[in-house]
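Sharing a sequence plus its predicted fold:
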Amino acid sequence: MVVLAAPGGGVVCGAQCGVLPAAESTTLTGRVQVVPDVTGPAVPVAAVRTDDGGAAYVALPDGGRAPVRVLASGDGLAVVEGLAVGDEFVVLQPAGEG
């Protein structure tokens, strides 16, 4: 599905919606912005936390933190920079920890 929106996020026709023909269909010119593919390790979104300053990290099994940068997310996964494939991290911690 493609949702059309004006650059500011409003309706495509802006203040001119009233001058569009009241036909069954109307053709408007649009531009699609495609998000480029990203690669990297993918982790469950639930593993990504933010500190008090808003920086993203994942918790490590030894109690430490590994800073990450989220490059993309979808379907419950986040592609991150800052981890290597095979690195271990904690998805859920017991209440009161972390």
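Thanks, I have the structure now.

Next, the one residue sitting closest to the centre of the chain: secondary structure please.
Centrality entry for the chain: nearest residue to the mean C-alpha point is Ser73, 4.5 Å, by C-alpha atoms, centre = their mean. State at Ser73, reduced to three classes by DSSP: H, G, I helix; E, B strand; the rest coil: strand.

Tell me how many other residues crowd the nearest residue to it once chain neighbours are set aside.
In space, and not counting its chain neighbours, Ser73 is closest to Val45: 5.8 Å by C-beta to C-beta, 6 or more residues apart in numbering. (Glycine included, C-beta is placed from N, CA and C.) Burial of Val45 is recorded as 14 neighbouring residues (other C-beta atoms under 10 Å).

Is Val45 in contact with Leu77, as I believe?
Yes - between Val45 and Leu77 there is a contact under C-beta atoms under 8 Å: 6.5 Å.

Could you pull up the residues touching Pro67?
Residues counted as contacts of Pro67 (C-beta atoms under 8 Å, 6 or more residues apart in numbering) are 55-57, 82.

swap that for Arg65, sorry
51, 57-59.

let's see it at 10 Å
Applying C-beta atoms under 10 Å, 6 or more residues apart in numbering to Arg65 gives the contacts 49, 51, 55-59, 89, 98.
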